[in-house]
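# Next input, structure requested:
(one chain, ligands or ions: 1)
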Amino acid sequence: ACGGLSGGVTGSAMGQIGYAIAPMIARGIMLGPDQPVILHLLDIAPAAEALKGVKMELLDAAFPLLKEVHATTDVTEACKDVNIAIMLGGFPRKEGMERKDMMSKNVPIYKEQASALEEHAASDCKVLVVANPANTNALILKEFAPSIPEKNITCLTRLDHNRALSQIAERLKVYVTDVKNVIIWGNHSSSQYPDANHATVATTNGERPVKELDTNDHWLKNEFINTVQQRGAAIIKARKASSALSAASAACDHMHDWVLGTPKGTWVSMGVYSDGSYEIPKDIIYSFPVKCEKGKWSIVKGLKIDEFSRAKMDATAKDLIDEKEVAHSCLN
Ligand code: NAI
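Numbering: from 1, shown residues only. Purely as a prediction, here's the structure:
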């Protein structure tokens, strides 16, 4: 989705999320009000005409920060010198399609885009994979772009994180800005584990654990987890289309915090290459609690994990290991 002075790419400028995120980036929501941007928009040939239309609209909006727009169907041109790559492009899962069929369409796309990024993007390019299966697409991208530092390849679980914050805010009847430090562990799929054990809420008596204020442990262990895990499906059912504005906004949040830092005392969830923290297997892209400073993320260490959490964290890790095997079988 964006490029140049700050940089970027999108697989799928013409998709729902691409159309929502382009103006957000051009308005400075992702990289702040002082950062000019050049947008590189990528889509496939059948979308070329529509892509021209989006470029016209972006120019017509006369965004002060938007210095150039490159709309293209050439992946090499799209990746040229970008500093930030938001990967939205992919083949959607259609009704009746098995997950494996969906992966067999998407995994080769990420292999191709990995090579293009590796050869043509700026050497410090930060990559955010949004397209599903997000964690596994990011892993394939990492495997086929070995010269991009693994720390620079991430996937989006911030939407799930934001959904968790908002569920708690609704439940406790507070503003979403009063709640912090939920965690999404693992896969962006429905095996993810939304964890509020370490979350806090601002009250007139200072910060208090969410667990203390919501004395109904049953809600946090059941309805809360299910609602966050199933929120994407609930939106598809209601809207007859998948989440787009919330996904675009979460992608901006992810990049914003990665580049500009997380506020003191606050962490966010990001899908990152596992270093074995919390006894999670290495060699998968797993969502962890992270803090960001000076353009670098680091996993928050030392949080106490109870038995309930342990089982859920391991189950979503197992789901990712299975997905990785399917992805590799799609490439063979
Ligand atoms: P969409 O179907 O509206 O857009 C996808 C776009 O990708 C289309 O414009 C298509 O032409 C383009 N495309 C297909 N193959 C391409 C290729 N090889 N290179 C470049 N572009 C290509 O989908 P939408 O709603 O914008 O979602 C995008 C992706 O994000 C989907 O995979 C969706 O499942 C995923 N998603 C992930 C979320 C997350 O939290 N991680 C949340 C919401 C959606």
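# C-alpha only now, for contacts and for neighbours.
Fine.
# Buried residues in the longest strand along the chain, which are they?
Taking DSSP state E as the criterion, the chain has its longest strand at strand 285-293. By neighbour count on 16 or more other Cα atoms under 10 Å, the buried set for strand 285-293 is Ile285, Tyr286, Ser287, Phe288, Pro289, Val290, Lys291, Cys292.
# and the residues you listed as JSON lines, adding distance to Lys304 and pLDDT?
JSON lines is the format used below for the buried residues of strand 285-293 (distance: Cα to Cα, whole Å; pLDDT from 0 to 100):
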{"residue": "Ile285", "distance to Lys304": "22", "pLDDT": "98"}
{"residue": "Tyr286", "distance to Lys304": "18", "pLDDT": "98"}
{"residue": "Ser287", "distance to Lys304": "17", "pLDDT": "99"}
{"residue": "Phe288", "distance to Lys304": "14", "pLDDT": "99"}
{"residue": "Pro289", "distance to Lys304": "13", "pLDDT": "99"}
{"residue": "Val290", "distance to Lys304": "15", "pLDDT": "98"}
{"residue": "Lys291", "distance to Lys304": "17", "pLDDT": "98"}
{"residue": "Cys292", "distance to Lys304": "21", "pLDDT": "98"}
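# Pick the one among these closest to Asp34.
Minimum distance to Asp34 across the buried residues of strand 285-293 is 19.7 Å, recorded for Cys292 (Cα to Cα).
# Burial check on the residue nearest to the closest one when sequence neighbours are not counted, number of neighbours?
In space, and not counting its chain neighbours, Cys292 is closest to Gly261: 4.6 Å by Cα to Cα, 6 or more residues apart in numbering. Using other Cα atoms under 10 Å as the criterion, Gly261 is surrounded by 18 other residues.
# Which residues lie in contact with Gly261 in this structure?
Lys291, Cys292, Glu293, Lys294, Gly295 (Cα atoms under 8 Å, 6 or more residues apart in numbering).
# Could I get the average pLDDT for stretch 273-282?
For stretch 273-282, mean pLDDT rounds to 98.
# Run through who's touching it.
Counting by Cα under 8 Å, 6+ apart, 139, 150-151, 153-154, 283-286, 299, 301, 313-314, 317 sit against stretch 273-282.
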